[in-house]
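Asker: no FASTA, just this:
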């Protein structure tokens, strides 16, 4: 895919670009949000320290750079973001909208590792623009990830420190490779996030295999933001910098195409499936009473289990056989009409569905089903399992739904809350687990 890379100047956004290239994507543009009239913006979303040198990224990579000044503020700080006028997230929307219009990009490179806050907001913007977020660093083990970055040829320096054990006078400007052993010590002693995911430090990348030129800082100033006795906060302000050409031998190849961990995992899964298909001794005709096709030609009524003491109930057998038009889209729409009718008759709502077992006659219908399916759920849809199954003639899909609601009021001092893990970024953590369904609910 054609990719625009969101860059802050830090190690994470740079290394994620390298992962995008390794996965076969093409970086065609860079995008950055900068602060207005300040070096360091108090933002939940964006790294702004070091913004003076971002223009050199375009020179170093020989790519167009799109920038926008941050005008909004952190207004909607809830777990699930919704479009909010005046929020700093809307600046990201406007920036990516422009890049998509000018460059025809299909995906966005994002360096998020641990922050759900950041991931949810980037995914919200990408969903509205029809772009695919690529967050290959998401949820990777931080100590091994840091070592990976350093060994890959990425050269970065510490540009901000804000944690116990990190001193602006001692550590600002130090190469990340030199700091790695000390950061490991701080992590073991005090629980410091070794990749800086708790805001302990920020970096600026001066060189990496994607750069055709390296960035050189000629002059900089140290700014003490907070002279705290235990955890002073300070950052570097670049005042003079330039790019230098690299030797042709130094412009190393990025991770070679095909070495992406996701591809290795998918290849292994494919081998396992092929092996299972060839194991004839394990194959037998599916003729048990559980066979979904055992009642051929009959429009079976839905089945509803009794409600458990903990508030769970199954509604099974939802299908679209009453559809007046043929085709998977029509049957899917009709199935949701049937489902909502069943829910209404039993006092349930769509938001009470926590898990869906979706059976389809053919996996070729997966895309068309999702087109209709996603219209019926909000930001955090239920978890879902989808399998191909031998459905009765004429029936193209079936849904079984698990519902939940609390059976009584919460205990004193507690409250009822439902949380969903709904990651939509492509990553090594979940290379293929994206769609109109959450990975988990609790």
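Answerer: Perfect, I can see it now. It should be emphasised that the depicted structure is a prediction, and the values quoted were computed from it without experimental measurement.

Asker: quick one: contacts for residue 336?
Answerer: Going by CB atoms under 8 Å, 6 or more residues apart in numbering, residue 336 touches 372, 376. Glycine gets a C-beta too; all of them are placed from N, C-alpha and C.

Asker: so what's residue 346 closest to, chain neighbours aside?
Answerer: residue 304 (6.8 Å; CB to CB, 6 or more residues apart in numbering).

Asker: ok, that neighbour to residue 421 distance?
Answerer: Distance, residue 304 to residue 421, by CB to CB, to the nearest Å: 28 Å.

Asker: try residue 245
Answerer: Counting by CB to CB - residue 245 and residue 421 are separated by 46 Å.

Asker: please say which of the two ends up with more neighbours.
Answerer: residue 421 (13 against 10; other CB atoms under 10 Å).

Asker: residue 439 is in contact with the more buried one, correct?
Answerer: Yes: the criterion here is CB atoms under 8 Å, and residue 421 meets it with residue 439 at 4.7 Å.

Asker: shared neighbours of these two, which are they?
Answerer: What both residue 421 and residue 439 touch, as defined by CB under 8 Å, 6+ apart, is an empty set.

Asker: buried residues of stretch 21-30, list them for me.
Answerer: For stretch 21-30, a neighbour-count test (16 or more other CB atoms under 10 Å) marks 21-23, 25, 27-30 as buried.

Asker: just give me the closest of those residues to residue 6.
Answerer: Proximity of the buried residues of stretch 21-30 to residue 6 was ranked by CB to CB; the top entry is residue 30 with 8.2 Å.

Asker: which secondary element of this protein has the worst mean pLDDT?
Answerer: The helix or strand of the chain with the poorest confidence is helix 261-278; it has a mean of 48 (mean pLDDT, DSSP states H and E).

Asker: and after it, which helix or strand comes next?
Answerer: strand 303-304 (DSSP states H and E).

Asker: where does the stretch 151-300 of the chain dip in pLDDT?
Answerer: In the predicted model, the stretch 151-300 of the chain carries pLDDT under 70 at residues 248-300.

Asker: what ranges do the strands span in it?
Answerer: With DSSP state E, counting those that start in this stretch applied, the stretch 151-300 of the chain shows strands at 155-161, 201-207, 213-226, 233-245, listed in chain order.

Asker: using a markdown table, lay out these together with distance to residue 149.
Answerer: What follows is these, written out as a markdown table (distance: least, CB to CB, whole Å):
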| stretch | distance to residue 149 |
| --- | --- |
| strand 155-161 | 8 |
| strand 201-207 | 9 |
| strand 213-226 | 16 |
| strand 233-245 | 20 |
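
Asker: so which of these comes closest to residue 60?
Answerer: When the strands of the stretch 151-300 of the chain are compared by CB to CB, strand 213-226 sits nearest residue 60, at 4.7 Å.

Asker: which strands or helices does that closest one pack on?
Answerer: Packing contacts for strand 213-226, counted by 3 or more CB pairs under 8 Å, 6 or more residues apart in numbering; DSSP states H and E, involve helix 55-61, helix 168-171, strand 201-207, strand 233-245.

Asker: how about 7 Å then?
Answerer: helix 55-61, strand 201-207, strand 233-245 (3 or more CB pairs under 7 Å, 6 or more residues apart in numbering; DSSP states H and E).

Asker: angle of that strand against strand 201-207?
Answerer: For strand 213-226 against strand 201-207, the angle by axes from the mean of the first three to the mean of the last three CA atoms, to 10 degrees is 160 degrees.

Asker: of all the helices and strands packed on strand 213-226, which one comes closest to residue 120?
Answerer: Here strand 201-207 is closest among the helices and strands packed on strand 213-226 (CB to CB), at 21.1 Å.

Asker: ok now that closest one, how far from the chain's centre?
Answerer: Its chain's average C-alpha position is 22 Å from that of strand 201-207, according to CA atoms, centre = their mean, to the nearest Å.
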